[in-house]
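*Asks:* structural data only, the sequence is not supplied:
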């Protein structure tokens, strides 16, 4: 006899929350993705934000490895939001089953520039110079350029 096993459907019923929802990009934030359900467990979570380069939407993950279990991610700072959209920034969560079925949820937050832009730019430039990780250093430089 032949037996076929199929994976269940994509996760459902959950949400994405950000505390605080609005603030300076330097404000620490907590992203949570509560109440997700699926037939296949455990669920894994990837958090990130949606950006745009030359008119093309790009997803950038905050975490390089999926979080399994507790659907929460702490950020020391967010990227600055879009200047022409009241500093709006779209954050997302991708919730996946072990078999690759997934659902994404997007939330609009506000990520304003800091009050002291010069100090923030200088801090990011120093972070870039002293960062041994070239990808993270480029991220620091990108943030410095975005808030000017």
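*Replies:* Arrived safely. Everything quoted here is computed from the prediction, not taken from an experiment.
*Asks:* going forward, measure contacts between C-alpha atoms and count neighbours the same way
*Replies:* Noted.
*Asks:* separation between the residue of the chain most remote from its centre and residue 80?
*Replies:* Centroid-distance maximum for the chain: residue 1 at 46.4 Å, with CA atoms, centre = their mean. With distances taken as CA to CA, to the nearest Å, residue 1 is found 58 Å from residue 80.
*Asks:* one more: residue 95?
*Replies:* For residue 95 relative to residue 80 (CA to CA), the value is 24 Å.
*Asks:* ok, how many other residues are close to residue 76?
*Replies:* Residues lying near residue 76 (other CA atoms under 10 Å) number 10.
*Asks:* contact partners for the closest residue to it other than its chain neighbours?
*Replies:* Nearest non-adjacent residue to residue 76, counting by CA to CA, 6 or more residues apart in numbering: residue 28, 4.4 Å away. Going by CA atoms under 8 Å, 6 or more residues apart in numbering, residue 28 touches 74-78.
*Asks:* low-confidence regions, the protein specifically.
*Replies:* 3-6 (pLDDT under 70).
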